[in-house]
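In: quick one: sequence plus predicted model below, questions after.
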Amino acid sequence: MALKHSTLASTTLAAVLLFSPALLRGESQAGVPQTRKTPDVARELIDLKSKAFKVQREAEILKSVTSNGRMHWQTHAAHLDTLKNHVNDLGKMLARLEEMKPQASEPQQMAIESAGPHLVAIADQLGGAIRLVNEQRSSVYWSPYRETVAEVSEHATSLYEKLGTILNYEDAKLRLDKLELLPASGS
């Protein structure tokens with residue numbers, strides 16, 4: 001099991017390092033749901049979800065630009081570069097979370113594990129889109145490019161939605177655990 005997770009982390013990191021590295025700003029958000037045991041993991045997961053939203057949004061913009069069919073290849077290249085930087089950031093964030101995984105709660109571990117395959121798929125498809133544009137600029141008007149961009153968008157949406165669902169579950173569970181539920185007394 002540990003070998004599988006190590007392999008997944010290595011694969012994710014290798015896929016992300018395919019692109020040029022970008023520095024990650026260490027920002028956290030207020031109001032992060034935290035357990036007593038895992039506040040750092042919770043903050044990192046919220047940051048990961050926030051970055052996943054940026055990837056999803058940029059992928060949707062690129063998909064829209066692609067379906068337009070009239071945008072210059074440089075517009076596509078700019079969006080691909082932005083996505084590449086966001087994906088690199090996600091890879092670094094996920095690598096940190098993989099290191100923190102032993103201290104994570106079960107739902108947090110689930111979020112970390114589910115992010116890896118989507119991130120690898122996004123990186124693979126994004127790399128394919130970049131290669132198509134680098135090989136021939138006019139490829140931005142062809143079906144293989146449009147399909148590749150659509151797959152980037154699908155995986156980005158899945159990543160964001162899964163992270164959101166798992167983190168919402170954890171937050172609801174924490175709120176429920178804080179309630180002092182007493183059995184109803186039969187008078």
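Out: Yep, it's here. Quick caveat, the model's predicted, so the values are computed rather than measured.
In: pLDDT below threshold where in this protein?
Out: Low-confidence segments of the chain (pLDDT under 70): 1-38, 180-187.
In: name the SS class of Asp124, please.
Out: For Asp124, the assignment made with DSSP: H, G, I helix; E, B strand; the rest coil gives helix.
In: what about it, how many residues nearby?
Out: By other C-beta atoms under 10 Å, the residues close to Asp124 number 16. C-beta coordinates here come from the backbone N, C-alpha and C atoms, glycine included.
In: measure it to Leu163 for me?
Out: 19 Å (C-beta to C-beta, to the nearest Å).
In: setting aside sequence neighbours, what's the nearest residue to the residue most central in space within the chain?
Out: Central residue of the chain (C-alpha atoms, centre = their mean): Ala52, 3.9 Å from the mean position. Nearest residue to Ala52, sequence neighbours excluded (C-beta to C-beta, 6 or more residues apart in numbering): Tyr160, at 4.4 Å.
In: which ones are touching the one you found?
Out: Taking C-beta atoms under 8 Å, 6 or more residues apart in numbering, we find Tyr160 in contact with Lys49, Ala52, Phe53, Val55, Gln56.
In: how about the contacts made by the fourth one?
Out: With contacts defined as C-beta under 8 Å, 6+ apart, the neighbours of Val55 are Leu83, His86, Val87, Leu90, Ile122, Ala156, Leu159, Tyr160.
In: residues contacting the second one?
Out: Shown here is His86, whose contacts under the criterion C-beta under 8 Å, 6+ apart are Lys51, Lys54, Val55, Glu58.
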